[in-house]
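Participant: Next come a sequence and a model predicted from it.
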Amino acid sequence: MPTPVPDLRALGIEIARLRHEENLSIDRLAEAAEVHRKTLIQIEAGRVAARISTLHAIAHALGVPLSELVTPLCARHQKSVRTPAPII
């Protein structure tokens, strides 16, 4: 089964939604996350796949868990039939 493509546009919409909820401008969020403004604009537009470290910084700046931020990436994917191995 091929690997599903992440929904980068949905991720961007979620970041913009959370940013607006916090009344942050793109410049303020970029500064808080230590991410270049242009990078944040491209992420919100769904044009780039951000590094996990960048997404972690954005989530931290927005005050949300990383898992909440990236949930929209896979929202349209079929659920896996495999059960993940427990973390020990």
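Facilitator: Arrived safely, thanks for sending.
Participant: For the helix ranked longest in the chain, list every residue counted as buried.
Facilitator: Ranked by number of residues, the top helix in the chain under DSSP state H is helix 8-21. Residues Leu8, Ala10, Leu11, Gly12, Glu14, Ile15, Ala16, Leu18, Arg19 are the ones in helix 8-21 that count as buried (16 or more other Cβ atoms under 10 Å). Every C-beta, even on glycine, is put in place using the N, C-alpha and C of the backbone.
Participant: Out of those residues, flag the one nearest to Ala49.
Facilitator: Nearest to Ala49, judged by Cβ to Cβ, of these is Leu8 at 6.0 Å.
Participant: Against Ile15, how distant is that closest one?
Facilitator: Counting by Cβ to Cβ, to the nearest Å, the gap from Leu8 to Ile15 is 11 Å.
Participant: how about Leu24, secondary structure?
Facilitator: Using DSSP: H, G, I helix; E, B strand; the rest coil, the structure places Leu24 in coil.
Participant: for the one helix or strand in the chain whose mean pLDDT sits lowest, packing partners?
Facilitator: The helix or strand of the chain with the poorest confidence is helix 66-70; it has a mean of 90 (mean pLDDT, DSSP states H and E). Counting by 3 or more Cβ pairs under 8 Å, 6 or more residues apart in numbering; DSSP states H and E, the packing neighbours recorded for helix 66-70 are helix 8-21, helix 52-62.
Participant: could I get the shortest one in CSV with only the CA atoms?
Facilitator: As requested, the backbone C-alpha atoms of helix 52-62 are provided in CSV (Å, rounded to 0.1, in the frame of the first residue of the first chain):
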residue,chain,number,x,y,z
ILE,A,52,9.4,18.3,12.7
SER,A,53,11.6,20.7,14.7
THR,A,54,9.9,23.7,13.0
LEU,A,55,6.5,22.3,13.7
HIS,A,56,7.5,21.7,17.3
ALA,A,57,8.6,25.3,17.6
ILE,A,58,5.4,26.6,16.1
ALA,A,59,3.3,24.3,18.4
HIS,A,60,5.2,25.5,21.4
ALA,A,61,4.8,29.2,20.4
LEU,A,62,1.0,28.6,20.0
